[in-house]
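>>> this is a predicted model, with the sequence first.
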Amino acid sequence: MKGLLLVISGPSGVGKTSLVKKFLEEFKSEVIFSISCTTRKPRPGEVHGKDYFFVDQKTFEKMIEKDELLEWANVHGNYYGTLKSFVYENLLKGKSVLLDIDPHGAFQIKQKIRDSVLIFILPPSWDELKKRLQKRKSESESEIQKRLRRAREEIKFCKDYDYLIVNDRLEKAYEVLKSIYIAEKRKTCRFLNNLENEIKDPYLISLIRSEE
């Protein structure tokens with residue numbers, strides 16, 4: 001059975017990291033987080049091979065030339081990209097794969113993997129997004145303004161996603177994310193591909209497959 005590819009996007013400060021963390025904790029036996037490659041420097045506490053694959057610009061550009069990336073983009077002056085091998089290998093093993101990438105990358109994914117599921121996380125208000133960025137105290141004021149300018153552009157693409165989630169309260173937003181995942185796995189096309197793992201009665205299976 002092929003796994004499900006989930007793509008989550010949203011502006012900096014919207015709470016994607018917290019949502020993804022809760023999701024991976026609950027579904028750790030069936031969902032794998034796709035680790036991106038990046039040319040940016042590690043932040044305090046980040047670990048190579050766990051948070052990102054940190055590479056230099058020359059190495060990243062070679063990966064582009066060799067078509068080793070499913071998607072890539074230049075964000076805030078640094079390259080970010082997703083390894084094809086990591087995603088395809090896990091999907092073929094039946095694992096669902098979760099990506100946290102920007103709209104540019106998300107649409108590249110959708111073009112190549114048509115049944116991927118795109119989810120955009122929105123803030124409850126513009127003022128709240130600004131407050132969350134300032135509360136992090138991890139960027140300078142000029143960096144915050146840069147992220148807000150990018151957020152204005154990213155939010156314009158949200159209407160092209162499959163699902164929208166407003167992250168007003170983390171628990172509420174998480175329940176919506178969880179519901180989307182469960183519902184997508186139960187879509188008829190996916191369920192039929194996994195029928196023998198869901199239903200053990202041979203007669204019932206034969207009835208369901210009788211017109212195939």
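Happy to help now that I have it. Residues are numbered from 1 along each chain as shown.
>>> for the residue nearest the centre of the chain, give me its contacts.
Residue closest to the average C-alpha location in the chain (CA atoms, centre = their mean): residue 99, at 2.6 Å. Contact analysis of residue 99 by CB atoms under 8 Å, 6 or more residues apart in numbering lists 5-8, 34, 36, 82, 87, 105-106, 109. Bear in mind the C-beta positions are built from the backbone N, C-alpha and C, glycine included.
>>> what about the residue lying closest to residue 155 once chain neighbours are set aside, neighbour count?
Excluding its sequence neighbours, the residue lying closest to residue 155 (CB to CB, 6 or more residues apart in numbering) is residue 11, at 6.4 Å. A total of 25 residues lie near residue 11 under the criterion other CB atoms under 10 Å.
>>> would you confirm that residue 11 contacts residue 151?
Yes: here residue 11 lies in contact with residue 151, judged by CB atoms under 8 Å, at a distance of 3.4 Å.
>>> now residue 150: which helix or strand?
Per DSSP states H and E, residue 150 falls inside helix 141-155.
>>> right, I mislabeled it, should have said residue 109
Per DSSP H and E: helix 103-112 holds residue 109.
>>> buried ones in that helix?
Buried positions in helix 103-112, judged by neighbour count with 16 or more other CB atoms under 10 Å: 103-110.
>>> max pairwise distance over those: which two?
104 and 110 (11.2 Å; CB to CB).
>>> what about the contacts of residue 99, which are in helices?
87, 105-106, 109 (DSSP state H).
>>> closest one to residue 60 out of the residues you listed, please.
Within the ones in helices among the contacts of residue 99, distances to residue 60 taken as CB to CB reach their minimum at residue 105, with 13.9 Å.
>>> for residue 1, report the pLDDT, please.
On pLDDT, residue 1 comes in at 56.
>>> swap in residue 146?
Note for residue 146: predicted pLDDT of 89.
>>> mind checking how far it is from residue 11?
12 Å (CB to CB, to the nearest Å).
>>> which parts of the protein are helices?
Here the chain has its helices, by DSSP H, at 16-26, 57-65, 84-92, 103-112, 126-136, 141-155, 170-185, 188-193, 195-198, 202-208.
>>> residue 97 reaches residue 31, doesn't it?
Yes: taking contacts as CB under 8 Å, residue 97 lies within contact range of residue 31: 7.4 Å.
>>> just to revisit the earlier point, which one among the ones in helices among the contacts of residue 99 gets closest to residue 194?
Nearest to residue 194 among the ones in helices among the contacts of residue 99 is residue 87, at 19.2 Å by CB to CB.
>>> residues touching that closest one, list them.
5, 34, 70, 97, 99.
>>> try residue 26
So residue 26 contacts residue 178 (CB under 8 Å, 6+ apart).
>>> now do it, the pLDDT please.
pLDDT for residue 26: 97.
>>> and for the residue lying closest to residue 6 once chain neighbours are set aside, the neighbour number?
Closest residue to residue 6 apart from its sequence neighbours, by CB to CB, 6+ apart: residue 98 at 4.8 Å. Neighbourhood size, residue 98 [other CB under 10 Å]: 20.
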